[in-house]
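# Sequence first, then the predicted structure:
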Amino acid sequence: MATRQTQFLARALLSPAVLLLFIWMIVPLALTIYFSTLHYSLLDPGSESFVGLDNYTYFLTDPAFLASLQNTLVLVGSVLALTIGLGIPLAVLLDQPVVGRNFVRLMVIAPFFVMPTVSALVWKNLLMHPVSGLFAWIATSLGLTPIDWFTDAPLLAIIFIVAWQWLPFATLILLTALQSLDEEQKEAAEMDGASATSRFIYLTLPHLARPITVVILIETIFLLTVFAEIFVTTGGGPGLQTTNIAFLVYSQALIQFDVGSASAGGLVAVVIANIVAFFLVRIVGRNLEA
Amino acid sequence: MARKVTARHVAISTLAAWLVGFLIFFPILWMVLASFKTELEAFATPPSFLFFHWTTENYATVQERSDYLHHALNSVIIAGGSTLIALLIAVPAAWSMAFSPTKRTKDVLLWMLSTKMMPPVGVLVPIYLIYKNAGLLDTRAGLIFILCLGNLPIVIWMLFTYFKEIPKDILEAARMDGATVGRELIYVLTPMAIPGLASTLLLNLILAWNEAFWTLNLSTLDAAPLTTFIASYSSPEGLFWARLSAASTLAIAPIMIIGWFSQKQLVRGLTFGAVK
């Protein structure tokens, strides 16, 4: 029968992708779990021994872990607040009748296409340099003292760079959602005498609730693992001031060569990401049926 | 549009939008300007905005001193290669799920999505060690492989949402007219699938070109794409701002153009079809 043949064909076409992704997910993760129970240092090969949960105790009680967890949360929270807080008004603005809207939109989304290493270095040198950067010149012209961003407020500097990269993403998604808002509804509200403010609060914001949720979840997944921006600007410092969990795991693995402890840290990162992923998958899944 | 729009409204929102757009774009513009300055002018306070001695020597220096073209070629091969392989694997899979869905299709799709949620640091240690033992560190093949796997879920998802929109009646009509599976594929499906394929290809190229976790950790020189190459400017070459700007401008220009062309599909791809 043709259908059985089709079914077989369908399965044969699907299996390479499933198999690859399955291996990609299971093998490294299983190895990470295995390594996390070992005393395993690349500087001291051949001395691997089973230590149970010692690496977790070590990683979770390390003051660096608490500092980096705090930095991670501050970074994710601030960037989310900035991108959504600025993204909503920006999307509303771009939804207005604007002459040359397409060109403005190109300018607004441009930062999203800049590779992280470029945006971090351009911001760090050309803009935020305490003596020759543009911000320093603006501050001096206004009679203020220039801020030495990467000494006095390194985490804030990173937050600004990352927020600049993700603002276009939030804006673009919110704008797309706004444009699908029924024009007739807006008109009806206007005719009924609703003010611009109440139209925004009772019509626009509820309509944006779902896209905002999507932005929060997707950004969180990427922001939890911000790496390149820290790698090229501060290297996690000064001290631990800009070390997030991703960077801490990296430095334990590839700078201190402590495989066991880095693996334990990696799993902590996986657990945190999974909590977010759980909600995202549910939202996307609900959409699949619609 | 039926609503009344006053000229004043248009004027104000146009002015505001252009101002904000300019501010957001400004760092990129500033970088491009700096790439045409001499090192002294790039560093000067007060800065010169347009009236400086324009020069292209930084672009020549970048190529001479650090072999820019070598890294650009790596980026092209790694981003292009990983995208093509991902498409080869994803097209049949997405096609099969869109046209012969089973009870489990939804679960399979969501499971694929969940593999994308795994933070790369979670598997950095084993991947690094496997690559080290297999001699894959700092090789293009190693990077192509890992970027391909990393982006495969997004590629499958995007293709699936596009394929699902192809009306099935057309296939039945073609079959009634006696078309074989092969003809069906070439004359009916392919033309309808090309727009979706093209936007998936472009989005994936952007993601792979800008990927900066695996490229930074798994490549140093031979296979280093532009992300790693630019990172080498963090010290001490970073003191040369004009040169850094020239290298950066070259590194982002191609992807900026591709990105602007594919901006409409971007939303759909990055939200896994949750926002269209």
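Good, I have the coordinates. Since the model is a prediction, treat every value here as computed from it, not as a measurement. Numbers count the residues shown, from 1 in each chain, chains lettered A, B, ... in the order given.

# Residue 50: how many residues sit nearby?
Let's take chain A. For residue A:50, the number of neighbouring residues by other C-beta atoms under 10 Å in any protein chain shown comes to 10. Every residue, glycine included, has its C-beta placed from N, CA and C.

# could you do chain B instead?
6.

# Without its sequence neighbours, what residue ends up closest to it?
Spatial nearest neighbour of residue B:50, chain neighbours left out: residue B:33 (7.6 Å); criterion: C-beta to C-beta, 6 or more residues apart in numbering or on different chains.

# what helix or strand does that neighbour sit in?
Element membership for residue B:33 (DSSP states H and E) is helix B:7-35.

# CA atoms only: put the helix or strand following that helix into PDB for me.
Per DSSP H and E, helix B:7-35 leads on to helix B:39-43 as the next helix or strand towards the C-terminus. Extracted C-alpha coordinates of helix B:39-43, given in PDB (Å, rounded to 0.1, in the frame of the first residue of the first chain):
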ATOM      1  CA  GLU B  39      45.400  56.400  14.100                       C
ATOM      2  CA  LEU B  40      46.100  59.900  15.600                       C
ATOM      3  CA  GLU B  41      42.800  61.300  14.400                       C
ATOM      4  CA  ALA B  42      40.900  58.200  15.600                       C
ATOM      5  CA  PHE B  43      42.300  58.900  19.100                       C
END
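
# packing partners for helix B:39-43?
In terms of contacts (3 or more C-beta pairs under 8 Å, 6 or more residues apart in numbering or on different chains; DSSP states H and E), helix B:39-43 is packed against helix B:241-261.

# I'd like to know which residues of the stretch 51-200 of chain B are adjacent to chain A.
Counting by C-beta under 8 Å from any C-beta of the partner chain, the stretch 51-200 of chain B comes close to chain A at B:89-90, B:92-93, B:95-97, B:99-100, B:102, B:106, B:108-110, B:112-115, B:117-130, B:149, B:152-153, B:156.

# In strands, which of the residues you listed appear?
Among these, DSSP state E puts none in strands.

# Give me the buried subset of the residues you listed.
For those, a burial check counting by 16 or more other C-beta atoms under 10 Å in any protein chain shown picks out B:89-90, B:92-93, B:95-97, B:99-100, B:108-110, B:112-115, B:117-130, B:149, B:152-153, B:156.

# all helices in chain A, in order from the N-terminus.
Remark: helices assigned in chain A by DSSP state H are A:2-35, A:54-61, A:63-94, A:101-109, A:116-122, A:134-141, A:149-152, A:154-179, A:183-191, A:196-199, A:205-223, A:228-233, A:245-254, A:259-289.

# Now do the strand or helix carrying residue B:162 against helix A:2-35, angle only.
For residue B:162, the element it lies in under DSSP H and E is helix B:140-164. Inter-element angle recorded for helix B:140-164 and helix A:2-35: 140 degrees (by axes from the mean of the first three to the mean of the last three C-alpha atoms, to 10 degrees).

# average model confidence for helix B:140-164?
In this model, helix B:140-164 carries a mean pLDDT of 90.

# Run a quick neighbour tally on residue B:235.
Residue B:235: 10 surrounding residues under other C-beta under 10 Å.

# before we move on, the earlier item: which one of the helices of chain A lies nearest to residue B:51?
Smallest distance to residue B:51 across the helices of chain A (C-beta to C-beta): 15.8 Å, for helix A:134-141.

# how about stretch A:199-213, does it get close to chain B?
Yes. Using C-beta under 8 Å from any C-beta, stretch A:199-213 reaches chain B at A:210-211.

# How about that stretch, which residues are buried there?
For stretch A:199-213, the neighbour count (16+ other C-beta under 10 Å) marks A:199, A:203-204, A:208, A:211-212 as buried.

# can you list contacts of that stretch?
A:84, A:88, A:92, A:173-174, A:176-178, A:181, A:185-186, A:189-190, A:194, A:283, B:274-275 (C-beta atoms under 8 Å, 6 or more residues apart in numbering or on different chains).

# if we go to 7 Å?
A:84, A:88, A:173-174, A:177, A:181, A:185-186, A:189-190, A:283, B:275 (C-beta atoms under 7 Å, 6 or more residues apart in numbering or on different chains).

# most neighbours, which of those?
residue A:174 (28 neighbours).

# which non-adjacent residue is nearest it?
Using C-beta to C-beta, 6+ apart, the nearest residue to residue A:174 is residue A:91, at 3.8 Å.

# Just to check, the one you found is in contact with residue A:172?
No. Using C-beta atoms under 7 Å as the test, residue A:91 is too far from residue A:172 to be in contact (8.1 Å).

# In the helix or strand just after the helix holding residue B:162, which residues are buried?
As assigned by DSSP H and E, the chain's next helix or strand after helix B:140-164 is helix B:168-176. By neighbour count on 16+ other C-beta under 10 Å, the buried set for helix B:168-176 is B:171, B:174.

# same check, this time on stretch B:45-52
Residues of stretch B:45-52 classed as buried: B:47, B:52 (neighbour count, 16+ other C-beta under 10 Å).

# quick one: average pLDDT of it?
On average, stretch B:45-52 scores 77.

# Likewise for stretch B:75-83?
The model assigns stretch B:75-83 a mean pLDDT of 95.

# Let's see the pLDDT reported for the residue nearest to residue B:50.
For residue B:33, the pLDDT comes out at 92.

# now it: how far from residue A:115?
Going from residue B:33 to residue A:115 by C-beta to C-beta, to the nearest Å gives 19 Å.

# With neighbour numbers in mind, choose between these two.
Counted by other C-beta under 10 Å, residue B:33 and residue A:115 do not tie: residue A:115 has more neighbours, with 25 against 21.

# Now do the same contact list for that one.
Contact analysis of residue A:115 by C-beta under 7 Å, 6+ apart lists B:210, B:212, B:226-227, B:230, B:251-252.

# Within range of chain B, give me the residues from the stretch 51-200 of chain A.
Proximity of the stretch 51-200 of chain A to chain B, by C-beta under 7 Å from any C-beta of the partner chain, involves residues A:90, A:93-94, A:96-99, A:104, A:106-111, A:113-118, A:121-123, A:125-127, A:132, A:134, A:137, A:167, A:169, A:172-173, A:176-177, A:183, A:187, A:190.

# Point out where the stretch 101-250 of chain B drops to low pLDDT.
By pLDDT under 70, the weakly predicted segments of the stretch 101-250 of chain B are B:236-238.

# can you rerun that using 50?
Judged by pLDDT under 50, the stretch 101-250 of chain B has no weakly predicted residues.

# Would you quantify the distance from the residue nearest in space to the middle of chain A to chain B?
Ranked by distance to the mean C-alpha position of chain A (C-alpha atoms, centre = their mean), the top residue is residue A:223 at 2.0 Å. Distance from residue A:223 to chain B, counting by C-beta to the nearest C-beta, to the nearest Å: 11 Å.

# Let me know whether that residue touches residue A:76 as I believe.
Yes. With contact defined as C-beta under 7 Å, residue A:223 reaches residue A:76; the gap is 4.5 Å.

# which residues does the nearest residue to residue A:133 once chain neighbours are set aside contact?
In this structure, residue A:133 finds its nearest non-sequential neighbour in residue A:127, 5.3 Å apart by C-beta to C-beta, 6+ apart. By C-beta under 7 Å, 6+ apart, the contact set of residue A:127 is A:133-135, B:27.

# out of those residues, which is most surrounded?
When neighbours are counted by other C-beta under 10 Å, residue A:133 leads the contacts of residue A:127 with 24 neighbours.
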